[in-house]
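[1] test case, fold it:
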Amino acid sequence: MKQSSRRALRILAFAVSAAFSATASAQGSFRRIDVTPYYTYTVSVSGSVTMPDNPAGDAAEGVVIFYDDGYNTRWSVVRAGESISFRQSNWGYFYAGLVYHEAASVAAFTGQFTLSLTSSGGTTGTYKIDKTHVAIIKGASTSCTVDAYTLCLADGRFQVQADYRDYSGNGAAARAVALTNDSGYFWFFDSANVELVTKVVSFCSGSSGNWGLYASGLTDVQVTFKVLDTKYGTYRTYTNPLGSRFCTIADGPFSCP
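    I've put the predicted structure just below:
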């Protein structure tokens, strides 16, 4: 397997959980979209896919894409009605597809997403993403491992990471520091300079019946904030554009118990 393929698989494995099967056959389930390197691309998504017995709900979260921007291999989830932009580096392609926990149920998927690719000077086109582009998670749950770039909140249930990019185009993974069992922060340039604070709160005994996610930033650089529920394999990404003040996140995307 080529080095670039191995790098792509490692990032995809993180995106859906450490239990994802990091093999060539898993990568092959995703749709490869060939593009001209070194251009900026915008990906937008429309449509819907119904996934029977999905622990995160009946509908697919969105289309997972991963690509190389010259600094890191990155992944994002693009939901219907949303779009992201990225600069494709030396890879002449990126991958797009769906993730799921049970191979036997994939045949019952209905619907499709349409991925629209636009660029000023690069490759453009529309691409179908459906049940033929599914990678299987090996089990719906996994575990979180604390390291210099990862917070493991709520007794390790939620895996939280962030990436940033500054005005000079320099990007890296943010450094993580735990505060309590349910909270922590990230720093980018200096350990004495807090950039992003986050926590999770259980509302499982309340009327909402979900886990709440909160995050607030003290920055206007580009930030990609990523949270994985290791119990169900549900994940969310939140992006703060370069030049914009970080908008507080107050979301309830994760199911109880």
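
[2] quick one: low-confidence parts of the stretch 1-150 of the chain?
    Scanning the stretch 1-150 of the chain for pLDDT under 70 picks out 1-28, 53-61, 69-73, 101-104, 136-142.

[3] identify the bridge partners of the most centrally placed residue in the chain.
    Central residue of the chain (Cα atoms, centre = their mean): Ser76, 4.0 Å from the mean position. Legend: beta-bridge partners of Ser76 under DSSP bridges are Ile65.

[4] tell me the bridge partners for Gln161.
    Beta bridges link Gln161 to Lys226 when assigned by DSSP bridges.

[5] distance of Lys199 from Cys256?
    Look at Lys199 and Cys256: by Cβ to Cβ, to the nearest Å, they are 17 Å apart. (Glycine included, C-beta is placed from N, CA and C.)

[6] with neighbour numbers in mind, choose between those two.
    Each of Lys199 and Cys256 has its neighbours counted (other Cβ atoms under 10 Å); Lys199 has more, 21 against 13.

[7] check for me that that one belongs to a strand.
    Yes. Counting by DSSP: H, G, I helix; E, B strand; the rest coil, one finds Lys199 located in a strand.

[8] gap between it and Asp229?
    Lys199 is 15 Å from Asp229, by Cβ to Cβ.

[9] burial count for Ser48?
    Neighbour number of Ser48 under other Cβ under 10 Å is 15.

[10] which one is it nearest to, not counting chain neighbours?
    Sequence neighbours aside, Gly111 is the residue nearest to Ser48 in space, at 5.0 Å (criterion: Cβ to Cβ, 6 or more residues apart in numbering).

[11] do the same with Gly156
    Take Gly156 and drop its neighbours on the chain: the residue closest to it by Cβ to Cβ, 6+ apart is Cys144, 4.5 Å away.

[12] same thing with Arg245?
    Distance criterion Cβ to Cβ, 6+ apart; nearest residue to Arg245, sequence neighbours excluded, is Asp220 at 5.2 Å.

[13] which residues touch that neighbour?
    Residues near Asp220 by Cβ atoms under 8 Å, 6 or more residues apart in numbering: 240, 242-246.

[14] now render those residues as CSV, adding neighbour count.
    CSV is the format used below for the contacts of Asp220 (neighbours: other Cβ atoms under 10 Å):
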residue, neighbour count
Asn240, 22
Leu242, 13
Gly243, 9
Ser244, 14
Arg245, 10
Phe246, 19
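
[15] from those residues, which is closest to Asp182?
    Phe246 (20.3 Å; Cβ to Cβ).

[16] for Asp220, see how far away that closest one is.
    Separation of Phe246 from Asp220 (Cβ to Cβ) stands at 7 Å.

[17] what touches both of those two?
    Residues touching both Phe246 and Asp220 (Cβ under 8 Å, 6+ apart) are Asn240.

[18] looking at this, the residue nearest to Gly156 is in a helix?
    No. Cys144 is assigned coil when assessed by three-state DSSP, not a helix.

[19] related to what we said a few turns ago, angles on the backbone of the residue nearest to Arg245, please.
    Main-chain dihedrals, Asp220, degrees, to the nearest 10: phi -130, psi 20.

[20] now it: how far from Ser205?
    According to Cβ to Cβ, Asp220 and Ser205 sit 37 Å apart.

[21] nearest spatial neighbour of Phe246, chain-adjacent residues omitted?
    Closest residue in space to Phe246, ignoring its immediate chain neighbours: Gly217 at 2.7 Å, by Cβ to Cβ, 6+ apart.

[22] tell me if I'm right that the one you found and Val223 touch.
    Yes. Look at Gly217 against Val223 with Cβ atoms under 8 Å: they come within range, at 6.3 Å.
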